[in-house]
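S.K.: Build me a model:
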Amino acid sequence: MIEQALVFTGEREVSIREAEVSGPGENEVTVDSHLSGISSGTELLIYRDQAPSGITADASLETLDGDLSYPLQYGYALVGSVVDAGRGVDDAWIDREVIAFHPHQTRFTATTDCLTPLPPDLERRAGALFPSAETATNFLLDGAPRVGERVVVFGAGVIGLCTTRLLAEFPLDSLVVVEPRASRRELARGFGADVALPPEDVGTAFESVGDEYASADLVYELSGRPETLNDAIDVVGYDGRVVVGSWYGAKQSPLRLGGSFHRDRIDIISSQVSTIDPTLRGRWSKDRRTRAAFDTLRKIDHDALITDVVPFERAGEAYERLDGTTEGTLQVLLSYS
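M.R.: Reported below is the predicted structural model:
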């Protein structure tokens, strides 16, 4: 059967191409797509030709096992319904709504191991946000916020806001979000930030604290801008932690490590959702994290994050909106019906 797939063909170029989809094989199902979310992080790096082409897209996912060179299919936030099942698959999968870490495509086959059933209390739009909720959940596992800490989040995009919403559940001393756009700072306050500041005012975040610990204990760098990592290091205090959730791709910026970084024993922690911190694997599996991520998803205001729904056949417009950093645009979904 001939279906339609979105393909990145060059810098700031995407096209809809035909894709041959055969019937489901053993332990496989066929999925009809309803919605898929566009990542404003990795996907925009690919769209802008800022992703290193020599690395694997994601070795932990069967559907993303190639590298990042053009032409390529990419995407990992798709919601669809199972319409057919191959040999060895329980009939209960038929008509089940699922989340798939699969590139943007109208119909596809996959093994059931690659699919996550969408809980019946969550709508499809929420399902398209699941990877963001899972990523935010992983950030908190890696950062391990503690009672009474001062926490700063750089970046109030979809991931930053999801992370802010989770952090707001903790008994922190203060939660500060740093974001250049006024509309996103307002959203951050609605998601639980005590204070939301433009980057030029980050130095004032803890001015009212009248003790020797007038700095952040934990900082999340989620802006996607490598130069912001310097600001994160500057605002964290002695023995503080900086969790880097941004993937910068091929973008580079000088890192200032000659100041407080060395003597203040600052930890810089790389956090990426494909794996779980080795120190947690004795009690945390990906299944357990999935359940926690669904709980995260239930706490999030989906409608506040989803700002645009674009027909799949006009996908080029969706990427142009994200690339142009249109004011008010956050999560863009592609619709297949």
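S.K.: Just give the number of residues close to Arg291.
M.R.: 13 (other CB atoms under 10 Å). The C-beta positions use only the backbone N, C-alpha and C, and glycine is treated the same way.
S.K.: Over to Asp194?
M.R.: Asp194: 16 neighbours (other CB under 10 Å).
S.K.: ditto for Glu18
M.R.: 9.
S.K.: what's across from it in the sheet?
M.R.: Gln4 (DSSP bridges).
S.K.: surely it meets Gln4?
M.R.: Yes. Checked against CB atoms under 8 Å, the pair Glu18 and Gln4 is within contact range at 6.7 Å.
S.K.: show me what contacts Phe261?
M.R.: If you count contacts by CB atoms under 8 Å, 6 or more residues apart in numbering, Phe261 has them with Ile233.
S.K.: Quick check, central residue of the protein?
M.R.: Ser132 (3.8 Å; CA atoms, centre = their mean).
S.K.: you'd agree it is in a helix?
M.R.: Yes. Applying DSSP: H, G, I helix; E, B strand; the rest coil, one finds Ser132 inside a helix.
S.K.: Report pLDDT for it.
M.R.: On pLDDT, Ser132 comes in at 97.
S.K.: Verify the stated contact: it with Thr163.
M.R.: No. With contact defined as CB under 8 Å, Ser132 does not reach Thr163; the gap is 9.2 Å.
S.K.: What separation do you get for His302 and His34?
M.R.: 15 Å (CB to CB, to the nearest Å).
S.K.: Compare neighbour counts for the two and give me the winner.
M.R.: Neighbours per residue, other CB under 10 Å: of His302 and His34, the larger number sits with His34, 20 against 17.
S.K.: Could you pull up the contacting residues of that one?
M.R.: Counting by CB under 8 Å, 6+ apart, His34 has contacts Val79, Gly80, Ser81, Glu97, Arg124, Ser335, Tyr336, Ser337.
S.K.: I'd assumed it was in a helix, is it?
M.R.: No. According to three-state DSSP, His34 belongs to no helix; its state is strand.
S.K.: can you pull the buried residues of the helix-or-strand element of the chain with minimal mean pLDDT?
M.R.: Here the helix or strand of the chain ranked lowest by mean pLDDT, DSSP states H and E is helix 260-263, holding a mean of 86. For helix 260-263, the neighbour count (16 or more other CB atoms under 10 Å) marks Ser260, Phe261 as buried.
S.K.: Which strands or helices does the helix or strand that that helix is followed by pack on?
M.R.: Per DSSP states H and E, the first helix or strand lying C-terminal to helix 260-263 is strand 267-270. If you count contacts as 3 or more CB pairs under 8 Å, 6 or more residues apart in numbering; DSSP states H and E, strand 267-270 packs onto strand 236-244.
S.K.: Against which helices or strands is the strand it packs on packed?
M.R.: Against strand 236-244 (3+ CB pairs under 8 Å, 6+ apart) you get helix 130-143, strand 216-221, helix 228-235, strand 267-270.
S.K.: Tell me which of these sits most buried.
M.R.: For these, the largest average neighbour count (mean count of other CB atoms under 10 Å) is found in strand 216-221, namely a mean of 27.
S.K.: Just give me how far it sits from the chain centre.
M.R.: 18 Å (CA atoms, centre = their mean, to the nearest Å).
S.K.: helices and strands around that strand, which ones?
M.R.: helix 130-143, strand 150-154, helix 228-235, strand 236-244.
S.K.: and the angle from it to helix 130-143?
M.R.: 150 degrees (axes from the mean of the first three to the mean of the last three CA atoms, to 10 degrees).
S.K.: Just checking: what are the partner strands of strand 216-221?
M.R.: strand 150-154 (parallel), strand 236-244 (parallel).
S.K.: pLDDT (mean, whole number) over that strand?
M.R.: 96.
S.K.: Distance-wise, check Leu129 relative to Met1.
M.R.: Distance from Leu129 to Met1, by CB to CB: 29 Å.
S.K.: Among those two, which residue is more densely surrounded?
M.R.: The residue with more neighbours, out of Leu129 and Met1, is Leu129; 26 against 9, by other CB under 10 Å.
S.K.: shouldn't that one be in contact with Ala304?
M.R.: No. Counting by CB under 8 Å, Leu129 stays clear of Ala304, with 10.8 Å between them.
S.K.: what are the phi and psi angles of Leu6?
M.R.: phi -90, psi 130 (degrees, to the nearest 10).
S.K.: typo on my end, it should be Gly23
M.R.: According to degrees, to the nearest 10, Gly23 has phi -60, psi 160.
S.K.: From the structure, what's the count of residues near it?
M.R.: Applying other CB under 10 Å, I find that Gly23 has 10 neighbouring residues.
S.K.: repeat for Ala293
M.R.: 24.
S.K.: would it count as being in a helix?
M.R.: Yes. Under three-state DSSP, Ala293 sits within a helix.
S.K.: Excluding sequence neighbours, find me the nearest residue to it.
M.R.: On the basis of CB to CB, 6 or more residues apart in numbering, the spatially nearest residue to Ala293 that is not a chain neighbour turns out to be Glu134, at 3.9 Å.
S.K.: Glu227 too?
M.R.: Ser253 (4.2 Å).
S.K.: Might one say that the one you found is in contact with Leu229?
M.R.: Yes. With contact defined as CB under 8 Å, Ser253 and Leu229 form a contacting pair (7.4 Å).
S.K.: No further questions, thank you.
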